[in-house]
Every structure is written in C-alpha cells, then in structure tokens.
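K.L.:
Got a predicted structure here, sequence first:
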Amino acid sequence: MDEPPVESADVDVNVDVHRRRWLIATSVATGLGSVAAAIPFAESLSPPASALAAGAPVKADISQLTVGAMMTVAWRGKPVFIVDRSPAMLDGVVKAASMVADPDTSNPFSMPLPDYCRNAFRSRADHRNILVVIGVCTHLGCTPIPRFEPGAQPNLPDDWPGGFLCPCHGSTYDLAGRVFRDKPAPQNLDVPRYMFVSSTELLIGRDEHGDA
C-alpha cells in the first residue's frame with residue numbers, strides 16, 4: 001500500500017497551527033476590546049466632580065442686596081431665595097401669623113427647621129431681616145414668585161401682607177416662607193442650614209453643626 005505523501009500531513013499540521021494562532025489572536029483582541037469597552041462603562045458609574053459639588057455648601061455674596069429685594073442662588077440643583085426684609089416686611093410677617101397654616105413650622109417639608117430659625121421670622125436672631133428659604137413650592141415643586149407689595153392685587157386677597165405666590169396652582173407664602181391656610185401646598189418652604197461667614201457673605205448648606 002502506498003504511504004500518504006508527507007507533504008499532505010505537513011499541510012494539515014500547518015493549517016491547524018495557523019488556525020490555532022488565528023483563534024488565539026481573535027480571543028485576545030476580543031478580550032482587549034471588552035476591557036476597553038468596560039473602562040468607560042466603569043468610569044460612568046463614578047459620579048462626576050460636578051455631581052459631587054452639587055451637594056457642597058454654596059457661598060452667597062449679599063453685599064449688593066438692597067433692602068426689600070431678593071436674590072437667588074442655586075444649591076443642590078434648587079433655587080434658594082435670599083431676601084433682605086425691610087421693617088415693614090417684618091411687620092407683614094407678624095401680621096400673617098394668624099393667617100398661615102403652620103406658624104411654628106411644626107410639620108417641616110423635606111428638612112428640619114434649624115433651631116436658630118425657630119422664631120417668628122424664621123431667621124437668625126442677629127440678622128432677622130435676612131430670609132433664606134428653598135424656592136420650591138411644597139405642593140408640586142414649582143418656583144414661587146415674589147409678591148412683596150402688600151394689599152389687593154390680582155390672584156391675591158385684599159388683606160395680602162406680602163410674600164410669595166406659586167404661579168402653578170395658587171399657593172401663597174408669607175415673607176417668612178410659611179404657607180397660608182386652605183392652599184394646595186401642605187407645608188412651609190424649607191429653610192436650609194446656613195451661616196454668616198462675614199457681614200456680607202452667607203454659606204448655604206452648612207452651619208456651626210456641619211453640612212446639611
């Protein structure tokens with residue numbers, strides 16, 4: 001019987017060798033591709049610096065804030081209203097005490113009222129004119145608009161003492177951020193932790209007890 005030619009066996013061996021090399025190379029390339037694809041995915045699981053910074057305390061320069069005016073700063077993605085209340089506006093807060101649903105903020109919304117704001121004006125005693133509240137309606141999250149002028153005006157009662165009006169569903173708040181009775185909003189505007197770092201600078205989101 002004739003023996004098979006040696007050349008045929010060599011060809012088969014070479015084909016197997018090349019096939020194995022191709023399979024190994026393909027597996028390695030696929031593995032590297034998977035690793036490369038996994039790196040961006042893994043990195044996407046880590047919060048970016050901007051997201052981490054969103055919860056950090058925020059400084060607010062109130063040096064240009066005039067009496068009777070309001071400024072807004074962003075903290076944790078929410079507007080924070082800062083109002084320099086005039087003596088007449090503080091009188092409006094006293095007047096509104098009998099009209100609001102929760103004058104002492106016994107039922108806070110999403111954060112506890114700081115102890116230093118547990119007073120008639122919901123502000124620090126040494127800066128009682130400065131109001132700091134989260135500008136988010138406690139009904140459905142709309143942003144209230146200032147209606148500081150007292151008296152009769154559209155969408156407000158004739159005995160309006162001044163405050164904020166939610167344009168979405170008509171909830172109203174006084175100049176201490178307390179919701180008036182019989183309104184859709186169930187609770188007062190939140191007061192975040194804050195402190196004065198100087199006579200013209202506030203730190204929102206931190207006080208003597210730490211970060212909010």
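P.N.:
Cool, the structure landed.
K.L.:
Do a quick rundown of the helices in the protein.
P.N.:
For the chain, helices defined by DSSP state H occupy the ranges 6-44, 49-53, 87-96.
K.L.:
Low-confidence regions, this structure specifically.
P.N.:
Filtered on pLDDT under 70, the chain yields the residue ranges 1-54.
K.L.:
at 80 instead, please
P.N.:
Scanning the chain for pLDDT under 80 picks out the ranges 1-55.
K.L.:
Give me the domain ranges for it.
P.N.:
Structural domains assigned to the chain are 1-46, 52-211, following automatic domain parsing.
K.L.:
Contact partners for N129?
P.N.:
Residues in contact with N129 (C-beta atoms under 8 Å, 6 or more residues apart in numbering) are 67, 84-86, 90, 123. All C-beta spots, glycine's among them, are computed from the backbone N, C-alpha and C.
K.L.:
quick one, phi/psi of it?
P.N.:
Main-chain dihedrals, N129, degrees, to the nearest 10: phi -70, psi -20.
K.L.:
any idea how far P161 is from it?
P.N.:
16 Å (C-beta to C-beta, to the nearest Å).
K.L.:
Could you look over the domains of the chain and pick the most buried one?
P.N.:
Using mean count of other C-beta atoms under 10 Å, the stretch among the domains of the chain with the greatest mean number of neighbours is domain 52-211 (a mean of 17).
K.L.:
ok so, going back, cross the contacts of N129 against strands and list the overlap.
P.N.:
Those of the contacts of N129 mapping onto strands are D84, per DSSP state E.
K.L.:
what's the closest residue to D174 other than its chain neighbours in contact with, if anything?
P.N.:
Spatially, and ignoring its direct neighbours in sequence, D174 is nearest to A96 (3.8 Å; C-beta to C-beta, 6 or more residues apart in numbering). Residues near A96 by C-beta under 8 Å, 6+ apart: 161, 163, 174-176, 178, 180.
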